[in-house]
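Sequence and predicted structure, then a few things I'm wondering about:
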Amino acid sequence: MSKNQNISRRRFLGSTAAVAAFTLVPRHVLGGGKFVAPSETINIAIIGCGGQGRTNARGLFGQNDARIVAVVDPNDQDDYGRFYYGGVAGRVPVKAEVEKHYQQGNANFKCAEYMDFRKMFDKEKSNIDAVLIATPDHVHAAASMAAIKLGKHVYCEKPLTHRISEARALAKATEEAGVATQMGNQGRSDEGNALTCEMVWAGVIGDVREVHAWSNAGGWASGRGRPKETPPVKAGLDWDLWLGPLKSRPYSPQYCPYNWRGWWSFGTGCVGDMGVHNLEPAFAALKLGHPISVEGTSEFLDSEVIGPNNKVVWEFGQRGNMPPVKVYWYDGKFQPERPKELEENLQMGEGGNGIFLIGEKATLMGGGWSRSPRIIPETKRREMRDKLPPKTIPRSKGHHRNWLDACKGGPAACSNFSYSACLAEFILLGDVAIRAGKKITWDGPNMKATNCPEADEFIRHESHYRPGWSL
């Protein structure tokens, strides 16, 4: 759509996140065709302006070298634009000030508005340096690949892609294009993740042969099969654009704007939503690659709806000097057994999320992706607190800052697509096992469930894309 669309929430994203900055040296002189010169502002387009788009816009607030110059969303209505304004009071110019600048046409407080990211790329490719993608999972790969092929830096929300084959394709394309990338698993930049790696690598808790992680999230959809009712498409929503690369199906308000996470065609359930956070410390610290096998079970299995209560078990072989390990995942009402060494006055994890890395010397408990690890029992923690290793891993200045620095030619971002595509494969394989309904043996290099050829339908994306869409 044209820039004349009156989309309040997009106006927010473009206006309040825009930051005035002086250009000291032209981009083409110092930064080349891809990376932005250290003295310049990074011009960013946001694709997907809903809740996570808003969260990411806030993550860019205060970065004096980032400016949102274009926004894209297939929903043209002000569903919760007022909340956008109210949520940023005190962080950026107040609503009245933002509105004044917007009405006066102040260039620093205005951006282009689109409903179709393909049209945005056609018209804005010379104006943008990077894109931030916060769409539902099924659009991640298509939007990311379009940006990568244009040489744009990409920040894409977790779990990076909807299917394993898409993750492989993005990792390969990113390596060839040489652009800066980051997946939106913010815990990767947190202190707790670094501490976990340092403690495990220094042998503080001994060899780890068992990991348990969980989240009480899930249950976004209920029942079985597709919705029976086919009401008119909600005013302002371009349903065809919302579907993106996927084959056409009737619209239902049960799919969007929120509950898409509970449908296999659009989301990845709790495994993809929270597993990518809560399991990441173990993935990094234990240097997990391709598992040998994976088994998933669900309280109920349906071809359309993702059940609310699931368990997954991955088995990994020897990795260098690290022994084989089993990794367990629980979601919804399922949780691991409470460790006997966890004192009664301490809760398991925090906020319904957590992880245990069970070592030969002690157990390391995390409260979820943003929480620092804790050695249990308390007697062990006190005994070991003077034996903790030095901090050898460089600390992040923030997940968005980490990406912006990479966009300016700095070190690769901590969750760049070469790394995060492997993490996404690990997580998405849990969904494949749940849908297959049996234990599968995994040939990672060849991307095959060797004992379950029917799982290809859940691994690969090609048969699910409609004509005219591809990676």
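Nice, I can see it.

Please tell me I have it right and residue 59 contacts residue 404.
No: in this structure residue 59 lies outside contact range of residue 404 using CB atoms under 8 Å: 10.1 Å. (C-beta placed from N, C-alpha, C; glycine too.)

which one of these two has more residues nearby?
Shown here are residue 59 and residue 404; by other CB atoms under 10 Å, residue 404 has more neighbours (25 against 20).

now residue 443, which residues is it bridged with?
residue 448 (DSSP bridges).

My read is that it contacts residue 453, right?
No: contact between residue 443 and residue 453 fails when scored by CB under 8 Å: they sit 11.6 Å apart.

between the two, which one's more packed in?
Counted by other CB under 10 Å, residue 443 and residue 453 do not tie: residue 443 has more neighbours, with 13 against 9.

Kindly provide the distance from the more buried one to residue 265.
Separation of residue 443 from residue 265 (CB to CB, to the nearest Å): 26 Å.

Over to residue 303?
10 Å.

neighbour count winner among these two?
Taking other CB under 10 Å, residue 303 and residue 265 do not tie; residue 265 has more neighbours (19 against 10).

contacting residues around that one?
When contacts are counted by CB atoms under 8 Å, 6 or more residues apart in numbering, residue 265 touches 138, 246, 249, 304, 464.

so what's the last one up against?
Applying CB under 8 Å, 6+ apart to residue 464 gives the contacts 163, 245, 246, 247, 265.

Show me what counts as buried in the strand or helix carrying residue 59.
Following DSSP states H and E, one finds residue 59 within helix 51-60. Neighbour-count burial for helix 51-60 flags 52, 53, 54, 56, 57, 58, 59, 60 (criterion: 16 or more other CB atoms under 10 Å).

quick check: domain ranges of this structure?
Following automatic domain parsing, one gets these domains for the chain: 8-187, 189-221+253-395+421-463.

winner for burial among the ones you listed?
Ranked by mean neighbour count, these are led by domain 8-187 with a mean of 20 (mean count of other CB atoms under 10 Å).

Got phi/psi on residue 453?
phi -60, psi -30 (degrees, to the nearest 10).

Find the pair from the contacts of residue 464 with maximum spatial separation.
The span of the contacts of residue 464, defined through CB to CB, is set by 163 and 247 at 14.2 Å.

closest to residue 112 among the contacts of residue 464?
Taking CB to CB as the measure, residue 245 is the one of the contacts of residue 464 closest to residue 112, at 23.1 Å.

related to what we said a few turns ago, show me the contacts of residue 265 that map onto helices.
Secondary structure from DSSP state H places residue 138 of the contacts of residue 265 in helices.

any weak-confidence spans in the stretch 351-471 of the chain?
Applying pLDDT under 70 to the stretch 351-471 of the chain flags residues 368-371.

The closest residue to residue 173 other than its chain neighbours: what's it in contact with?
Leaving aside its sequence neighbours, residue 173 sits nearest to residue 148 (CB to CB, 6 or more residues apart in numbering; 4.8 Å). By CB under 8 Å, 6+ apart, the contact set of residue 148 is 154, 170, 173, 174, 177, 179, 181.

quick one: which helix or strand includes residue 148?
helix 137-149.

who does the helix or strand following that helix pair up with?
Sequence-wise, the next helix or strand downstream of helix 137-149 (DSSP H and E) is strand 153-157. Partners of strand 153-157 in the sheet, by DSSP bridges, are strand 130-133 (parallel), strand 181-184 (parallel).

show me where the stretch 251-400 of the chain has strands.
Taking DSSP state E, counting those that start in this stretch as the test, the strands found in the stretch 251-400 of the chain are 293-298, 310-316, 325-331, 353-359, 363-366, 374-376.

These: which one's closest to residue 448?
With CB to CB as the measure, strand 293-298 is the member of these nearest residue 448 (12.6 Å).

Show me the contact partners of that closest one.
Outside strand 293-298, the residues touching it (CB under 8 Å, 6+ apart) are 307, 309-315, 429-442.

let's see 10 Å
Contacts with strand 293-298, where a contact means CB atoms under 10 Å, 6 or more residues apart in numbering, come from 269, 271, 306-317, 326-327, 329, 331-332, 334, 426, 429-442, 449-451.

what's the angle from it to strand 325-331?
Taking axes from the mean of the first three to the mean of the last three CA atoms, to 10 degrees, one finds strand 293-298 and strand 325-331 inclined to each other by 20 degrees.

any idea of the angle strand 293-298 forms with strand 310-316?
170 degrees.

What pairs with strand 293-298, parallel or antiparallel?
The pairing partners recorded for strand 293-298 under DSSP bridges are strand 310-316 (antiparallel), strand 440-443 (antiparallel).

longest helix of this protein?
Counting residues, the longest helix found in the chain (DSSP H) is helix 417-436.

average pLDDT for the next helix or strand after the helix holding residue 59?
Sequence-wise, the next helix or strand downstream of helix 51-60 (DSSP H and E) is strand 66-72. Mean per-residue pLDDT for strand 66-72: 84.

angle of strand 66-72 against helix 137-149?
Relative orientation of strand 66-72 versus helix 137-149 (the same axes, to 10 degrees): 120 degrees.

So in that sheet, which strands flank strand 66-72, and in what orientation?
strand 42-47 (parallel), strand 112-114 (parallel).
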